[in-house]
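Colleague: Predicted model follows, preceded by the sequence.
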Amino acid sequence: MKRIISIILGNVLITGTYAFITVPNEIINGGITSFSLILERLCHIDISIFVNLITILLLLLCLCFLGKEFFMGSILSCACYLVLFTLFHSFGVSLDLPLPVCAVIAGTLVGAGYYLCINARSTAISFDIIALILNQKNPKVNIAFTMGIINILVLLTGSAVFGLLSVLYGIGFTAIQSLTLNLLQKYGK
């Protein structure tokens, strides 16, 4: 039961942050949605097709490399994410603070949300699966650092599409998210 609560709470933090802070303030991160936007722009194929294909691919990688227990938690997390984001986004509410403050708050909350999910042996089905697989193969691979690198690579690739300012705030968001996750993994046990 504790695991389920942790997964749900982690997704409340992640989806609430995206719905109330990052999306309305156009702060992008390096996740699946940002990567799919880049692909949509380059290939002229609807974003939802890329999001769905990448999510399915990552779910399969999760099952193959992280095992059934992690996969089952990820299915719950994925369902929570889809339902909660849709619900929160429908409220049409946004945090109206200066963008640097929004980026700091968003990075902290999303980092904490990922910590709760990862600590419960789950993922929100994002590029964190790649970091978790690499960590499983070599425990010296830092999950937070690897997630940060993947996110920054996506952001840099998308800078021409999203504009430099959104990408700079996204990089700040990603750095704070990675730092928060790393600190919680070190001291949050």
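Modeller: Noted; the coordinates are in hand.

Colleague: contacting residues around L134?
Modeller: V141, T146 (Cβ atoms under 8 Å, 6 or more residues apart in numbering). C-betas here are computed from N, CA, C, even on glycine.

Colleague: What helix or strand is it located in?
Modeller: Taking DSSP states H and E as the criterion, L134 maps to helix 128-137.

Colleague: Count the residues that sit near P98.
Modeller: By other Cβ atoms under 10 Å, the residues close to P98 number 9.

Colleague: Then S90?
Modeller: With other Cβ under 10 Å as criterion, S90 counts 9.

Colleague: and if you look at the one 3 residues further on?
Modeller: Here the neighbour count serves as a burial measure; for V93 (other Cβ under 10 Å) it reads 12.

Colleague: My guess is it contacts F20. True?
Modeller: Yes: if you go by Cβ atoms under 8 Å, V93 and F20 touch, sitting 5.6 Å apart.

Colleague: which residues of the chain fall in helices?
Modeller: 2-17, 32-43, 47-61, 68-90, 99-119, 128-137, 143-157, 159-162, 164-187 (DSSP state H).

Colleague: who touches L13 in this structure?
Modeller: Contacts of L13 (Cβ under 8 Å, 6+ apart): L109, V110, A112, G113, L116.

Colleague: Now do the same for stretch 5-16: mean pLDDT, whole number.
Modeller: On average, the pLDDT along stretch 5-16 is 94.

Colleague: what does stretch 102-114 give?
Modeller: 95.

Colleague: What are the buried residues along that stretch?
Modeller: Using 16 or more other Cβ atoms under 10 Å as the test for burial, stretch 102-114 gives C102, A103, I105, A106, G107, T108, L109, V110, G111, A112, G113, Y114.

Colleague: Show me the two of those residues that sit farthest apart.
Modeller: Using Cβ to Cβ, the two most remote members of the buried residues of stretch 102-114 are C102 and Y114, lying 18.1 Å apart.

Colleague: which ones are touching the spatially closest residue to T33 that is not a sequence neighbour?
Modeller: Excluding the flanking residues, the one nearest T33 by Cβ to Cβ, 6 or more residues apart in numbering is V51, at 6.4 Å. Residues near V51 by Cβ under 8 Å, 6+ apart: I32, T33, S36.

Colleague: And the second one, how close does it get to R121?
Modeller: Yep, that's T33 we're talking about. 24 Å (Cβ to Cβ, to the nearest Å).

Colleague: What count of nearby residues applies to the nearest residue to V161 once chain neighbours are set aside?
Modeller: Leaving aside its chain neighbours, V161 sits nearest to R41 (5.0 Å; criterion: Cβ to Cβ, 6+ apart). Neighbour count of R41, defined by other Cβ under 10 Å: 14.

Colleague: circling back to that earlier point, can the helices of the chain go into JSON lines with extra columns for distance to N25?
Modeller: What follows is the helices of the chain, written out as JSON lines (distance: least, Cβ to Cβ, whole Å):
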{"stretch": "helix 2-17", "distance to N25": "11"}
{"stretch": "helix 32-43", "distance to N25": "14"}
{"stretch": "helix 47-61", "distance to N25": "19"}
{"stretch": "helix 68-90", "distance to N25": "13"}
{"stretch": "helix 99-119", "distance to N25": "5"}
{"stretch": "helix 128-137", "distance to N25": "23"}
{"stretch": "helix 143-157", "distance to N25": "15"}
{"stretch": "helix 159-162", "distance to N25": "13"}
{"stretch": "helix 164-187", "distance to N25": "8"}
